[in-house]
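Novice: Need coordinates for the following:
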Amino acid sequence: MRSYRGRGGGSQSRNFGRTNNSSGGRTNPNTFPNRTPSSDPSQIRGNLQELSQILIRLDGASYPRYKEILGCWKGSDYTLIVDYIQSDPYAPPSRVRVIIPHSTSQLNPDLFNAKARKIATCDFLTRQFADAIKLLSSKKYSSPRNQNWSAPKGGGISIEAPGQEILERSSVLIDSESGEIECRFTVSFPARGRTILGHDCAQIVCDTVSKIVSDSLIYANFDRKQCNDAMIHAKCAEDAEYLRNWLDSNCLLAFVANGAILPRASGSDERPMKSKNSPIIPFRSPKELQIDVKLPNSGVVSGAAIRQGVNLIVGGGFHGKSTLLSAIERGVYNHIPGDGRELVVTVEHAAKVRAEDGRSINGVDISTFINNLPFHKDTTSFCTQDASGSTSQAANIVETIQAGSKCLLMDEDTCATNFMIRDARMAALVSADKEPITPLVSRIQWLYQNRGVSSILVIGGCGEYFNVADCVIRMDEFCAFDATREAKHIVKQFESIEPLGNVDSERNVKPKLMETEDIQKTERFVVKLLDNFECKCSVRALDRIQFGEYELDLGAVEQLVDRSQTRAISDAILYLDRFIKTSVPSQTNQIAPNSSTTNHIASVTSYTNQFSMNQILDHFSTQLDSHGFDFLDSGSKKLGVYSKPRRLELAAAINRLRTVEAMTQKIDF
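Specialist: Numbers count the residues shown, from 1 in each chain. Got it, this is the predicted structure:
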């Protein structure tokens, strides 16, 4: 076997750690297992003092021998579990967990006696752990990429650091019955070259981790401020969740509390803006929209209520229209105390929609908005790899509604002009029978009246929407005013002028289409998500996922707020792809081509394993609720890098896969 001398000076085999089989170079887990066969905390290998002695004994040994410490180790306050050891100092860091019994942590039961409180408390403890890392984690070593070969490297401890939103995460888990806390984090085991720095690792794993756990996870050690902060965090989330449920049951879309701070620090920083050169104006509700709501912890709060229907936010440029919509858009999530948007709450199913030039569309019925294309191209199961602005926005609306949204959020700045409006002059030049696009202004009130789909739109240059608006909010120097009556008065003033988006005058929307073609009377059936059954996947950024050689662009999915959500989506797509290809749907879902499925059928690979998009999304939700995030990897990895994506973001990611194969078929109710 040929050997070579590595940069660290040691003789190493080129086939080190590999098997001699023909499995494509995959590592045999029995040769150098990176994870313990059992991570059952009851199977204790020893105590932390014994772990420290083993690490000291390993000092100077080759890096793969770190695998000797895989397993469970008992500390005085917690159990330390080493689940996975990185293959070398340059590989992704090792995965470690700690489990703390309630008898040790003495976590206040009021912090996890309800779902909203438990999620918030897990979020709070994650933040505590991340803050403790910053204070206590070793600063001795930096990233391997910034050091020469012989320099020490590794030694870092990390956990998924949350942002402004309170999300359901896998980084810290609390057992509702026992009160046991489990925290998942990573440790980059230190090395010099590829040799173990055992003394340093013993200090990190046995001493530094113990101090971090003691300061951040053991409630009995918290000072009064930490205890108060934990309860405020839990109550803040509980109030927001209560308000969100209350909105839905009272036919409301959003609530913006008086005193809310809506502006953010910058386009890339979601923290509240600090007053520097200009004053920060707290939100104040117009009296016509103001309501009072009694919350379980904060008592009675006042603010603006946005009702179901067609709602416009208007005003001059730079006066706060998009700022208000952005706050409403993020209101689908609970926010941390001090964010300024703690009581800016939106119904869970609200979805931001925009134009998206160049996106792929696969088997979507866009005939509600686009029909009568040249050369009789069908739009009831439309496909393209390079959608235009109007086509992409139509598909985004249809896909969002089919995924369960009843509230569309749109900003005129990011919409396709020809999809939003078609004025009388253009209609006079281009006859109705030559224009396949039915503008949104002609459909938006119909969506609400017939499908129960409301909307909130930022409109700055198209007054035609006044004709169809139920409520108009005017922003003036970041102050909100109810301009509904004024807008309706303007509509009457212009009654003599033919409405620019008038359906009858344009004859764009045929009565037959409005009666028979219905977004929710069709269903999309998915045959496959990915080409490669076992393709490698990595998350490049918040809005980028790499599947093999293909990159999924989620830049237009604007309500994706945390990279850990993107990781959950990426692994969910892998899981669901396996589910679709290996599961057999019920007989009623095994559909065959018929007259109502269109020419797209010819490009679909198979018709025996088909699940509707909603079945796929329901399956994911059921698995997540039943088994937590561990179902994504069969529970073997115990990853702490996930947070829960909404159903709508998962659907949006699936719909944007260029490898997806799907078709639309009419269904009977």
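Novice: for the stretch 501-650 of the chain, which spans come out with low pLDDT?
Specialist: In the predicted model, the stretch 501-650 of the chain carries pLDDT under 70 at residues 501-521, 533, 584-609, 634-635.
Novice: all helices for it, in order.
Specialist: 503-506, 511-516, 563-582, 613-627, 647-655 (DSSP state H, counting those that start in this stretch).
Novice: Specify the local secondary structure of Ile212.
Specialist: On the three-state scheme (DSSP: H, G, I helix; E, B strand; the rest coil), Ile212 is labelled helix.
Novice: Going forward, the N-terminal residue is numbered 326.
Specialist: With 326 as the first residue, the last one maps to Ile537.
Novice: pretty sure it contacts Ile484?
Specialist: No. Under the contact definition of C-beta atoms under 8 Å, Ile537 does not touch Ile484, with a separation of 9.4 Å. (Glycine included, C-beta is placed from N, CA and C.)
Novice: Overlap of the contact sets of these two?
Specialist: Counting by C-beta atoms under 8 Å, 6 or more residues apart in numbering, the residues touching both Ile537 and Ile484 are Phe454, Ile458.
Novice: so where is the stretch 326-475 of the chain shaky, pLDDT-wise?
Specialist: The model of the stretch 326-475 of the chain has pLDDT under 70 over residues 326-367, 462-475.
Novice: Mind doing that once more with 90?
Specialist: 326-368, 460-475 (pLDDT under 90).
Novice: what's the answer for the stretch 676-825 of the chain, then?
Specialist: Counting by pLDDT under 90, the stretch 676-825 of the chain contains low-confidence residues at 697-703, 747-753, 755-759, 818-825.
Novice: Now do the strands in it.
Specialist: Listed in chain order, the strands of the stretch 676-825 of the chain (DSSP state E, counting those that start in this stretch) span residues 686-689, 707-709, 732-736, 779-783, 796-801, 804-807.
Novice: Nearest to Lys459, out of those?
Specialist: When the strands of the stretch 676-825 of the chain are compared for distance to Lys459 using C-beta to C-beta, the nearest one is strand 732-736, at 35.6 Å.
Novice: How about residues contacting the closest one?
Specialist: The list of residues contacting strand 732-736 from outside it, by C-beta under 8 Å, 6+ apart, reads 578, 633, 646-647, 650, 653-654, 671-672, 674-679, 722, 725-726, 772, 778-783.
Novice: what sits against Leu373?
Specialist: Counted by C-beta under 8 Å, 6+ apart, Leu373 has contacts Trp398, Lys399, Gly400, Ser401, Leu405, Cys531, Ser535.
Novice: Thought Asn372 was touching the second one, still the case?
Specialist: Yes. The pair formed by Lys399 and Asn372 meets the contact definition of C-beta under 8 Å, at 4.9 Å.
Novice: Arg684 versus Leu982, what's the distance?
Specialist: Leu982 sits 10 Å away from Arg684, going by C-beta to C-beta, to the nearest Å.
Novice: cool, Cys796 as well?
Specialist: As for Cys796, its distance to Arg684 is 31 Å (criterion: C-beta to C-beta).
Novice: go on, Val657?
Specialist: Per C-beta to C-beta, Val657 is found 22 Å from Arg684.
Novice: same deal with Ser863?
Specialist: Separation of Ser863 from Arg684 (C-beta to C-beta): 21 Å.
Novice: Among the two, which residue is more densely surrounded?
Specialist: Here Ser863 and Arg684 are set side by side on neighbour count (other C-beta atoms under 10 Å), and the busier one is Arg684, at 21 against 12.
Novice: Give the full set of residues in contact with Leu754.
Specialist: The contact partners of Leu754, by C-beta under 8 Å, 6+ apart, come to none.
Novice: Kindly apply the preceding question to Phe954 instead.
Specialist: Shown here is Phe954, whose contacts under the criterion C-beta under 8 Å, 6+ apart are Ser495, Ala893, Leu964, Tyr967, Lys969.
Novice: Can I get the residues you listed in CSV including distance to Leu587 and neighbour count?
Specialist: CSV is the format used below for the contacts of Phe954 (distance: C-beta to C-beta, whole Å; neighbours: other C-beta atoms under 10 Å):
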residue, distance to Leu587, neighbour count
Ser495, 31, 24
Ala893, 28, 28
Leu964, 35, 22
Tyr967, 29, 28
Lys969, 25, 21
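Novice: what's the most distant pair in those?
Specialist: In the contacts of Phe954, two members sit farther apart than any others by C-beta to C-beta. They are Leu964 and Lys969, at 13.6 Å.
Novice: buried set for the one helix or strand Ile379 maps to?
Specialist: Here Ile379 sits within helix 373-382, counting by DSSP states H and E. By neighbour count with 16 or more other C-beta atoms under 10 Å, helix 373-382 contains the buried residues Leu373, Leu376, Ser377, Ile379, Leu380.
Novice: I'd like to know how far Trp771 sits from Gly777.
Specialist: When distances are taken as C-beta to C-beta, Trp771 and Gly777 turn out to be 11 Å apart.
Novice: between those two, who's got more neighbours?
Specialist: Residue environment comparison for Trp771 versus Gly777 gives the larger neighbour count to Trp771, 16 against 12, counting by other C-beta under 10 Å.
Novice: right, and the helix or strand after the helix ranked longest in the chain?
Specialist: If you go by DSSP state H, the chain has its longest helix at helix 549-574. Helices and strands here follow DSSP H and E; after helix 549-574, the next one along the chain is strand 577-582.
Novice: got a list of what Lys399 touches?
Specialist: Applying C-beta under 8 Å, 6+ apart to Lys399 gives the contacts Ile369, Gly371, Asn372, Leu373, Leu405.
Novice: cool, Pro662 as well?
Specialist: Contact analysis of Pro662 by C-beta under 8 Å, 6+ apart lists Asp554, Ile557, His558, Cys561.
Novice: out of the residues you listed, who has the most neighbours?
Specialist: Across those, neighbour numbers were computed from other C-beta under 10 Å; Cys561 holds the maximum, 24 neighbours.
Novice: Excluding residues flanking it in the chain, which one is nearest it?
Specialist: Nearest residue to Cys561, sequence neighbours excluded (C-beta to C-beta, 6 or more residues apart in numbering): Pro662, at 4.9 Å.
Novice: Next, that neighbour: secondary structure please.
Specialist: Following three-state DSSP, the label given to Pro662 is coil.
Novice: separation between it and Phe449?
Specialist: 10 Å.
Novice: ok, back up a step: which of the contacts of Phe954 sits closest to Pro418?
Specialist: For the contacts of Phe954, the closest approach to Pro418 (C-beta to C-beta) belongs to Leu964, at 12.2 Å.
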